[in-house]
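Novice: heads up, no residue letters with this:
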């Protein structure tokens, strides 16, 4: 009888240990595997991968934590996409502004050149004027000089050897008018 009791007790304790071990293993896998997946997902998000979407297994705390994690990643992904869209929009607007500034700069340079030419024309016309000449006569003389040069007149050219300047034309016109 003692041997039988000992064997029965040993068998019961072994069965209990095996049963508790299997239950512990199963509970461990139910908790540890989802936590391992969650830990790996956190690592991916930390590395900048916002495409992570973990499967929600079970309805316990770990399942709830996984669902909240997925929601957080989804919001981060949406925020990142909105930020990228805003960045692209601002980049395009900046390029448009730079182009507009370049165009405006070119137009300003054109206007400055026209003003300089106008001032130079006025100064040359004043130097061409002889006592008693009317504005109309001066304008006619300027137009005659322009026509004689094919309409190409430069004012205060940096390379007088390469351009017909109004100042030179005025000197030539004065010399023709006063042969003595």
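Specialist: Arrived safely. The structure presented is a predicted model; accordingly, all values stated were derived computationally and were not measured.

Novice: Could you name the helices and strands sitting against the longest helix that the chain contains?
Specialist: When the chain is parsed with DSSP state H, its longest helix is helix 61-128. Where contact means 3 or more Cβ pairs under 8 Å, 6 or more residues apart in numbering; DSSP states H and E, helix 61-128 is packed against helix 2-46, helix 135-148, helix 166-177. (Each C-beta comes from the backbone N, C-alpha and C, glycine too.)

Novice: among those helices, which is nearest residue 67?
Specialist: helix 2-46 (10.8 Å; Cβ to Cβ).

Novice: Tell me how far that closest one lies from the chain's centre.
Specialist: Relative to the centre of its chain, helix 2-46 is centred 57 Å away, using Cα atoms, centre = their mean, to the nearest Å.

Novice: any idea of the mean pLDDT for it?
Specialist: Per-residue pLDDT values over helix 2-46 give a mean of 90.

Novice: that older thread, just name the most buried of the helices and strands packed on helix 61-128.
Specialist: With neighbours taken as mean count of other Cβ atoms under 10 Å, those reach their highest mean count in helix 166-177, at a mean of 15.

Novice: show me what contacts the most centrally placed residue in the chain?
Specialist: In the chain, the C-alpha nearest the mean C-alpha coordinate belongs to residue 91, at 2.2 Å (Cα atoms, centre = their mean). Counting by Cβ atoms under 8 Å, 6 or more residues apart in numbering, residue 91 touches no other residue.

Novice: any idea how far residue 58 is from residue 67?
Specialist: 11 Å (Cβ to Cβ, to the nearest Å).

Novice: Then residue 94?
Specialist: 41 Å.

Novice: who's more crowded, the two?
Specialist: residue 67 (13 against 10; other Cβ atoms under 10 Å).

Novice: Could you list the single helix or strand in the chain with the lowest mean pLDDT?
Specialist: Counting by mean pLDDT, DSSP states H and E, the chain has its least confident helix or strand at helix 166-177, which shows a mean of 56.

Novice: how close does residue 18 sit to residue 3?
Specialist: With Cβ to Cβ as the criterion, residue 18 and residue 3 are 22 Å apart.

Novice: that older thread, kindly calculate the angle that the longest helix of the chain makes with helix 2-46.
Specialist: Interaxial angle of helix 61-128 relative to helix 2-46 (axes from the mean of the first three to the mean of the last three Cα atoms, to 10 degrees): 10 degrees.
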